[in-house]
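[1] I'd like to go over a predicted model; first the sequence, then the structure.
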Amino acid sequence: MKDFKGKTAVITGGASGIGRAMGELFLSNGMQVVLADIEQDALDRTVSELSAIGPCIGVVTDVSKALDVQALADTTIDTYGGIHIACNNAGVFAGGLLWEESLADFRWQLDVNVWGVIHGIRTFVPIMKAQDTECHVVNTASMAAVTAMPYSGIYHMTKHAVLAVSESLYHELSFHAPHVKVSVLCPEAINTGISNSERNRPEVYSGDGNIVETDERLMVSQALNDSVSAGIGPEVMAQRVLDGIIEERFYLFSDEAWRKAANIRLDDVREARNPTFAPPI
């Protein structure tokens, strides 16, 4: 896809960070944008600000719920008539030792990071397939999808899943709907609010015993906060996505320290050796 004027993009996790940056860039390229987010106030502010650039609406959406994602698609079609780019971008993080984290930690990250993408695929792809015009799906994974570090195992698991399902989707669409392309975005340390994603943690995952404060959890939370605070701007990821759509590239990877860590892991797999601890330094 090279002509974006008059086309429509849907972006989950669109009220801030990479989602907002993608929305702004798409609008500046002549698109209509629908932002989805679970955080009402932040969504309203973002829509108000980005509407100065071009046509933009917001839909409060819990991506862990299939009916919410379907309602998002319905609103988009009712408003703009179609969907040409779908960015399954919403994501959350909680860390700690795998045997100490609560079942709620597992469920929350799986429900948002994995089921959010699943609902997006099941909802948006049939619409795009039926439109029979150039379309593109962008699933946000992470460089955590191609590495595995301690104290963030649930997050790594969910992002590995996003990468794997995206690779399978790529092959299936190439056979059955070649006009629908796929990219998987794997950000490195980006200056976003993911280190504070528990601000949006629903009550169903926040009851007694659902959040276990441990030294390891606090350590990885602080490390993530420090990392993203010093990270690159989300607008860099937005441009990476736009370039990937234009060039029809599937893997949208970092080329820096995280890529080196990923290559060490790939060497571990190729040589069947034990996992190397290789943090992206």
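    Right, received. Where do you want to start? Numbering: from 1, shown residues only.

[2] going on from the helix or strand containing residue 130, what's the next piece of helix or strand?
    Residue 130 is part of helix 115-131, with elements assigned from DSSP states H and E. Reading on from helix 115-131 to the C-terminus, the next helix or strand found by DSSP H and E is strand 135-140.

[3] Name every strand pairing with that following strand and say which way it goes.
    Strand 135-140 pairs in its sheet with strand 85-88 (parallel), strand 180-185 (parallel), by DSSP bridges.

[4] Now do the longest one against helix 115-131, angle only.
    It stands for strand 180-185. 160 degrees (axes from the mean of the first three to the mean of the last three Cα atoms, to 10 degrees).

[5] Going by neighbour count, which residues in whichever helix or strand comes after strand 180-185 are buried?
    For strand 180-185, the succeeding helix or strand toward the C-terminus, using DSSP H and E, is helix 215-229. Buried residues in helix 215-229, counted by 16 or more other Cβ atoms under 10 Å: 216-217, 220-221, 224, 228. Heads up, the C-betas are built off the backbone N, CA and C, glycines and all.

[6] export these to a markdown table and tack on distance to residue 149 and pLDDT?
    Conversion of those to a markdown table gives the following (distance: Cβ to Cβ, whole Å; pLDDT from 0 to 100):
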| residue | distance to residue 149 | pLDDT |
| --- | --- | --- |
| 216 | 12 | 94 |
| 217 | 14 | 92 |
| 220 | 9 | 90 |
| 221 | 14 | 88 |
| 224 | 11 | 85 |
| 228 | 15 | 79 |
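
[7] Can you tell me which of the residues you listed is closest to residue 124?
    Of all the buried residues of helix 215-229, residue 124 sits closest to residue 228, with 27.9 Å by Cβ to Cβ.

[8] how about the closest one, what does it touch?
    By Cβ atoms under 8 Å, 6 or more residues apart in numbering, the contact set of residue 228 is 189-192, 194-195.

[9] And the residues you listed, which is closest to residue 103?
    Residue 103 lies nearest to residue 194 out of the contacts of residue 228, by Cβ to Cβ, at 21.5 Å.

[10] Nearest residue to the closest one in space, please, no chain neighbours.
    Nearest residue to residue 194, sequence neighbours excluded (Cβ to Cβ, 6 or more residues apart in numbering): residue 93, at 5.3 Å.
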